[in-house]
Structures are given as structure tokens and as C-alpha cells.
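**Q** Take a look and give me a structure for this.
(one chain, ligands or ions: 2)
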Amino acid sequence: MHTCGCTAMALQWALSWCCLFHLDAAADVSFESHAMNFVQRKAFPRFAPPATVIQYLPSKPWDVHNYLGVVHHKAGFFLAPVWTQVFQTLGAGTSDIGAWQQPCYSSQSCHSPEAPIQFWLDMFSRERAQKARQAVGSKGLRVVGSVRDPVSMIVSAYCYHHHGREMTNRLFAPTARLLMLGPREGLVVVAERMLPLVENMTAAFEQPSNDIFRLDYETVTNSSEGFDQQMERMIDFLFTGLITPEERRKVLKATQVADAHRYLRTDQENDPECEEEVRKYVPSMPADLLGYYHSFQQRLGYAVG
Ligand SMILES: *[C@@H]1O[C@H](CO)[C@@H](O)[C@H](O)[C@H]1NC(C)=O
Ligand SMILES: *[C@@H]1O[C@H](CO)[C@@H](O)[C@H](O)[C@H]1NC(C)=O
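**A** Numbering: from 1, shown residues only. Ligands and ions are numbered 1, 2, ... in the order given. Modelled structure (predicted):
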């Protein structure tokens with residue numbers, strides 16, 4: 001039996017997202033092989049003038065732009081339920097929303113790469129942002145991703161897996177080894193395995209970009225005020241001029257289900273006591289490995305250390 005990171009979450013949507021992402025393996029599926037042109041193929045039929053105009057249907061935001069939500073391991077999984085809530089509130093159906101992750105655990109966690117709304121887990125990078133931009137062309141891409149202090153990411157990941165969460169996660173395979181390893185050795189394993197992923201997160205978000213909105217994990221998770229402030233900015237980035245004030249109000253309300261301060265979660269993603277303890281072992285990591293994480297912190301604007 002594997003443990004799913006959010007099994008105990010009360011709300012059904014969160015459960016489905018979680019289990020969607022951590023189902024056990026079917027064959028790996030290559031993303032690059034069939035995803036990147038998702039927009040071009042979709043965009044032209046949508047904008048082709050109909051032969052006879054019978055009825056005017058107001059366009060949805062995803063007829064105007066393509067949307068991409070991205071998360072890296074331990075840097076803000078809250079964005080998955082937020083993303084679904086936001087677009088479903090605006091009337092998106094299942095065929096409008098695709099998802100992909102790396103590695104791909106099953107066909108249920110990697111699907112619909114041509115849908116105008118996408119959610120990616122552990123695969124966003126500067127290069128893939130550029131490819132997605134090119135594929136979208138004049139329709140324009142709007143990317144939202146959550147960024148967290150890289151050192152907190154590895155500390156949190158060690159505590160999470162050391163406590164037996166997501167034992168099917170292949171990033172750390174054999175993940176069961178992390179149950180056995182103490183913080184000194186375990187932190188090194190986690191930091192090594194997560195290095196390419198955190199490097200990609202850093203390179204993708206270090207420079208501001210007009211079509212990328214960076215959610216600040218620390219602000220989102222610190223308080224409900226911080227959560228709401230970040231959500232308002234995100235919604236305005238995504239939809240200014242495309243939704244009514246009434247829709248904006250509904251969408252913001254819908255995001256609140258992912259605020260840990262409003263909805264008490266019995267299965268916390270983080271364990272503050274463990275993290276405080278494990279953080280003491282960070283300075284004793286091998287100097288070259290620690291150097292990478294310090295440079296990621298510096299590039300993303302976090303205090304180094
Ligand atoms: C990092 O980005 C590169 C370039 O897009 C990609 O090939 C690689 O799979 C990414 N790795 C991770 C772990 O996200
Ligand atoms: C976190 O929230 C508290 C209020 O709950 C506030 O005083 C503090 O400044 C916030 N810190 C950050 C880093 O946002």
C-alpha cells in the first residue's frame with residue numbers, strides 16, 4: 001500500500017489531484033514526443049470563422065491565452081487544487097485541462113497535452129517555457145509557478161519521505177532507504193536527487209518575465225492574508241480584461257480551499273519540528289553540493305544559508 005501525500009485531506013478534489021499524481025507505474029510516456037505543439041493545433045480551428053454564425057458565444061479566457069501551472073517537488077503542491085478550482089469555476093471541462101509530470105507514473109497523471117490549460121509537475125524549465133511560448137505563438141502563454149527557498153525544499157523533502165510519505169516517488173528510488181537514513185546522510189541523498197529539478201526551477205524563475213507569474217511559497221503558506229494577496233495578484237495576471245468582477249470574486253473564493261490556515265489539514269505537507277532539527281545538518285553537507293544550493297538561493301533572491 002503506498003501512502004498518498006494528501007490522503008487525509010478532507011476535500012474530494014484535493015484527493016483526486018493527489019492520487020492522480022502518485023498512482024503506481026504504467027509505462028513511462030515521453031512528453032516531448034507528443035506535447036509541444038499542443039496549442040498550434042488547437043488554436044486555429046477555434047478561431048476559424050464559422051460558415052454560418054448562428055449564435056454568439058463569448059470566449060473563455062483559454063480561447064484567448066494558453067495557461068500553464070507548474071510545481072516542483074515540495075515547492076507548493078497547493079497550486080494543483082488551486083489550478084483546478086480556478087478553471088472549473090470559470091467553466092472549464094475535463095477536456096480543457098491537461099496534466100503532465102516527470103517521471104510519468106500513469107496515463108491518468110499524464111494526459112491531454114493539447115488542452116489549452118495545463119498543469120506540470122517536476123518538469124518546468126527555462127527551455128520548456130521557451131518551447132511552449134513558441135508553440136502558442138500569438139495566442140500568448142500565461143505561466144504560474146510556485147517558488148520556495150531551495151534549502152527549505154530539501155529539508156522538507158527529507159522529513160516528508162523519512163516519515164514514509166509517497167513511498168512510490170521515483171525521484172528518490174529506492175525511496176524506502178530514506179526511512180533508514182538519518183538527517184546527515186539522508187539530506188545529502190535528497191539534495192543530490194533534487195539538484196536538476198531545483199536548478200530548473202531556479203533558471204526558470206530567477207529573471208522576471210512578462211508571461212510568468214511567480215507565486216511566493218513563503219507568503220502563500222504564512223497566513224491567510226498572504227495567501228489572498230498572492231491569489232489576487234495571480235488572478236489579475238491570468239485574467240485581467242477576460243473575466244467579470246463577479247467571476248473574479250467567485251474564483252478568488254474558490255482558491256481559498258487550498259489555504260492551509262482556513263482549512264485545517266490533518267495531513268500536513270510539512271513538519272516544522274522535524275524541519276527545524278534537520279536544518280541543523282545543512283552546513284555539514286558536502287561543500288560543493290551546498291554551494292549549488294547557496295547559489296540557487298542567491299539567484300532566487302533568498303537569504304543565503
Ligand atoms: C530540466 O530541464 C531540462 C531542459 O528542459 C529537461 O530536459 C530536464 O528533464 C529537466 N529536469 C528536471 C528534473 O526537471
Ligand atoms: C507572516 O504572517 C504574520 C502574521 O500572521 C506577519 O506578521 C508576518 O510578517 C508574515 N511574514 C511573512 C514572511 O510574510
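**Q** Count the residues that sit near residue 93.
**A** Residue crowding around residue 93 was assessed by other Cβ atoms under 10 Å; the count is 9. Backbone N, C-alpha and C define where each C-beta goes, glycine included.
**Q** Likewise for residue 304?
**A** 10.
**Q** Can you give me every residue that contacts it?
**A** Taking Cβ atoms under 8 Å, 6 or more residues apart in numbering as the definition of contact, the neighbours of residue 304 are 294, 297, 298.
**Q** From those, pick the one nearest residue 226.
**A** Checking these against residue 226 by Cβ to Cβ gives residue 297 as the nearest, at 20.1 Å.
**Q** Tell me the secondary structure of that closest one, please.
**A** helix (DSSP: H, G, I helix; E, B strand; the rest coil).
**Q** try residue 143
**A** Residue 143 ends up strand, using three-state DSSP.
**Q** Just grab the bridge partners of it for me.
**A** When bridges are called by DSSP bridges, residue 143 pairs up with residue 68, residue 212.
**Q** From the contacts of residue 304, pick the one nearest ligand 2.
**A** Looking at the contacts of residue 304 and their distance to ligand 2, the nearest is residue 297, at 15.5 Å (Cβ to the nearest ligand atom).
**Q** check which helix or strand covers the nearest residue to that closest one once chain neighbours are set aside.
**A** If you skip the residues right next to it in sequence, residue 297 has residue 304 as its closest partner in space, 4.9 Å away by Cβ to Cβ, 6 or more residues apart in numbering. Assigned by DSSP states H and E, residue 304 belongs to neither a helix nor a strand.
**Q** For residue 242, see how far away residue 304 is.
**A** Applying Cβ to Cβ, to the nearest Å, one obtains 39 Å for the distance of residue 304 from residue 242.
**Q** likewise residue 91?
**A** Between residue 91 and residue 242 the distance, using Cβ to Cβ, works out to 12 Å.
**Q** so residue 130, which of the three states?
**A** For residue 130, the secondary-structure state derived from three-state DSSP is helix.
**Q** that older thread, out of residue 91 and residue 242, which sits in the more crowded spot?
**A** residue 242 (16 against 11).
**Q** Does that one touch residue 64 like I think?
**A** Yes - counting by Cβ atoms under 8 Å, a contact exists between residue 242 and residue 64, whose distance comes to 5.9 Å.
**Q** which residues do the two both contact?
**A** The overlap between the contact sets of residue 242 and residue 64 (Cβ under 8 Å, 6+ apart) is empty.
**Q** For ligand 2, what's its nearest residue on the stretch 51-200 of the chain.
**A** The minimum distance from the stretch 51-200 of the chain to ligand 2, using Cβ to the nearest ligand atom, falls at residue 149 (11.1 Å).
**Q** residues near that residue, how many?
**A** Neighbouring residues of residue 149 were enumerated by other Cβ under 10 Å; the total is 20.
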